[in-house]
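# sequence first, then the predicted structure:
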Amino acid sequence: MHESQSFLTFLIDHLQQFFQYTAFANFTLGHVVMILVGLAFIYLAIAKEYEPMLLIPIGFGILVGNVPFFPGLQIGIYENGSVLNYLYFGVMQGIYPPLIFLGIGAMTDFSALISNPKLMLIGAAAQLGIFGAYAAALALGFTPSEAGAIGIIGGADGPTAIFLASKLAPELLGAIAISAYSYMALVPVIQPPVMRLLTTKKERVIRMKPPRQVSKLEKILFPIVGLMLTTFIVPSGMPLLGMLFFGNLLKESTVTKRLADTAKGPMIDIVTILIGLTVGASTQATTFLTPKSVGIFALGAASFIIATFGGVMFVKIINLFLKEGNKINPLIGNAGVSAVPDSARVSQVVGLEYDKTNHLLMHAMGPNVAGVIGSAVAAGVLLSFLY
C-alpha cells in the first residue's frame, strides 16, 4: 500500500513538472494576440497576395516566437545559446540587410532613372516621411536615437529599417521591423486614397514622354558614380549603398552573370527566409507587447502617408515650372518610397483607372529605385547624427 502511494505521488509530481514545461502552463493573453497577428499575416499573404515572400516567413515566425515555454530551456530567440538566437544575430548585428541590398542591386534596372535624372528628386522628396515620423516620435517622448530608428519606417524599406534600428535602438528592433514590413505589404491599400486626394482628374491622365534608350556604358558607370557620390557624402550608409551598387555592377557588367544570378536568386531568398522568420519570432509577447510598440505602429502608418504626400506634392510643384509636354504625372510621386516594385505598380494601377492606355510603370520605376537609394542615404544621415 505504501509503495503504491509513493508511486502515485511520484507520478503526480512528475506530471506536474511536465505540465510546467508545456505551453499551456505558460500561456498568456499576449501570446493569443500575437498568434492571431501571425495568422493574419499568413492570411494576407495567401488570400490577398500582399508581399507573400515576406509576410509568410514573418507570420510563421510570429507563431514560432509565441509558443510559450518555460524560461531557461535555451529555445527562445532572446535566450543566449538558442538556435533562434544565433539566427537572430544576423538581424541584431545588421548582417542580413546589406545582403538583401546586394540582391536588390543585382535585380534592379536603373535605366528609367538614368534616362530621366530629375526623377531622383521625387525619390528624395518621398523621404519626407522619414523626417516627419522622426519629428512626431520626438514629440511623443521617444529619445532621439529611438525616433531616428522609428522614422526610417517612412522609407518603406524593411532591410534599411532593420539596419538602422540595430544600431540606434536594438530594444525596439522587433516592433520597427514588423511595422516596416507590414506597411510595405499594405502599400496597395495605403497609397491610392492619398494619391487620389492630392491629384485632379486632369493631372491623373498626363502622358509622359517615353524614356530614352540608355547605353551599356551608362549602366556600367551608374553604380560606380553612384557609390562615389553617395558614400563620399554619407560614409555611414556604405554597408547598404556599397552592396546595392556592387550588386548592380554585377548585373550590368554582363561578365559576372553567375554572381549576379546567385545574388538575386538563391542568396536573397535564403536571407529573406532568415530575416523574415527571425524578425517574426522576435515578437515574443512577453517582450514585444508594450505601449511603445503600439506607438511605433501608429507612427509607421503616419510616416507612409507623409512619404506618399511628399512625393506626389513634389511632382505637382515641379510641374509648375515644366512646359506642356514635359510635365510629370503626379501619380508616380508615390513611387518615391522604396517599396520596389510594389509602389511603382500602384502608380500603374491607379493611372489605368483614369486612362486605360496610359502606362506609368516604366516612369514610376525611376523614383522607385531612387527611393531605395534615398532611404539608404537618409539612414546614413540619421546614423551620422544619432549613433
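On my side now, so go ahead.

# please enumerate the helices of the stretch 201-350 of the chain.
With DSSP state H, counting those that start in this stretch as the criterion, the stretch 201-350 of the chain has helices at 201-204, 216-233, 238-252, 257-262, 268-281, 285-288, 291-319, 342-354.

# least confident secondary structure element in this structure?
helix 2-20 (a mean of 71; mean pLDDT, DSSP states H and E).

# returning to what we had before: can you tell me which of the helices of the stretch 201-350 of the chain is most buried?
helix 238-252 (a mean of 24; mean count of other CB atoms under 10 Å). (C-beta placed from N, C-alpha, C; glycine too.)

# name the SS class of the nearest residue to residue 77 once chain neighbours are set aside, please.
The shortest distance from residue 77 to any non-neighbouring residue, by CB to CB, 6 or more residues apart in numbering, is to residue 84 (4.1 Å). What DSSP: H, G, I helix; E, B strand; the rest coil gives for residue 84 is helix.

# offset the numbering so it begins at 843, please.
Will do, 843 is the new start, and the previous item becomes residue 926.

# so what's residue 926 up against?
Applying CB atoms under 8 Å, 6 or more residues apart in numbering to residue 926 gives the contacts 906, 907, 917, 918, 919, 1120, 1123.

# tell me the pLDDT at residue 1180?
Model confidence at residue 1180, given as pLDDT, is 82.

# now do the same for the residue lying closest to it once chain neighbours are set aside: helix, strand or coil?
In space, and not counting its chain neighbours, residue 1180 is closest to residue 1213: 3.7 Å by CB to CB, 6+ apart. Following three-state DSSP, residue 1213 is assigned to helix.

# quick one: residue 848 and residue 855, what's the gap?
Using CB to CB, to the nearest Å, residue 848 is found at 11 Å from residue 855.

# ok, now residue 1038?
Relative to residue 855, and taking CB to CB, residue 1038 is found at 66 Å.

# give me the more crowded residue out of these two.
Comparing residue 1038 with residue 855 by other CB atoms under 10 Å, the one with more neighbours is residue 1038, at 16 against 10.

# how far is stretch 956-972 from where the chain is centred?
Stretch 956-972 sits 18 Å away from the centroid of its parent chain (CA atoms, centre = their mean, to the nearest Å).

# tell me the mean pLDDT for it?
Averaging pLDDT along stretch 956-972 yields 90.

# the helices of the stretch 1043-1192 of the chain: which one's closest to residue 995?
Taking CB to CB, helix 1133-1161 is the member of the helices of the stretch 1043-1192 of the chain nearest to residue 995, at 4.4 Å.

# tell me the helices and strands packed up against that closest one.
Using 3 or more CB pairs under 8 Å, 6 or more residues apart in numbering; DSSP states H and E as the contact test, the elements touching helix 1133-1161 are helix 961-967, helix 970-981, helix 986-993, helix 1015-1027, helix 1029-1040.

# buried sites along the helix or strand where residue 1005 lies?
Assessed by DSSP states H and E, residue 1005 sits inside helix 1000-1010. Across helix 1000-1010, burial judged by 16 or more other CB atoms under 10 Å covers 1000, 1001, 1002, 1003, 1004, 1005, 1006, 1007, 1008, 1009, 1010.

# just the closest of the residues you listed to residue 1168, please.
Nearest to residue 1168 among the buried residues of helix 1000-1010: residue 1002, at 32.2 Å, using CB to CB.

# contacting residues for that closest one?
If you count contacts by CB under 8 Å, 6+ apart, residue 1002 has them with 939, 994, 1082, 1180, 1217, 1218, 1221.

# I'd like the distance between it and residue 972.
From residue 1002 over to residue 972 the distance is 10 Å, taken as CB to CB.

# just give me the neighbour total for residue 1034.
Neighbours around residue 1034, by other CB under 10 Å: 18.

# need the contact list for it.
If you count contacts by CB under 8 Å, 6+ apart, residue 1034 has them with 1188, 1191, 1192.

# what's the distance between the residue most central in space within the chain and residue 1042?
Residue closest to the mean C-alpha point of the chain, counted by CA atoms, centre = their mean, is residue 1000 at 1.8 Å. Counting by CB to CB, the gap between residue 1000 and residue 1042 amounts to 33 Å.

# on that earlier part again, and the two most separated of the contacts of residue 926?
Spatial extent of these (CB to CB) is set by the pair 917 and 1120 at 13.7 Å.

# grab the nearest non-local neighbour of residue 965.
residue 1212 (2.7 Å).

# contacts only, for that neighbour.
Residue 1212 neighbours (CB under 8 Å, 6+ apart): 955, 961, 962, 964, 965, 966, 1178.

# quick one: it from residue 1186, how far?
11 Å.

# likewise for residue 875?
34 Å.

# and if you look at residue 976?
Distance, residue 976 to residue 1186, using CB to CB: 25 Å.

# again, but for residue 1030
Taken as CB to CB, the span from residue 1030 to residue 1186 is 11 Å.

# quick one, phi psi at residue 948?
phi -70, psi -20 (degrees, to the nearest 10).

# the one 4 residues further on now?
Phi and psi for residue 952, reported as degrees, to the nearest 10, are phi -90, psi 10.

# what sits against it?
When contacts are counted by CB under 8 Å, 6+ apart, residue 952 is found next to 1061, 1064, 1065, 1090, 1211.

# can you rerun that using 10 Å?
Residue 952 makes contact with 1056, 1060-1061, 1064-1065, 1068, 1087, 1090, 1093-1094, 1207-1208, 1211-1212, 1214-1215, according to CB atoms under 10 Å, 6 or more residues apart in numbering.
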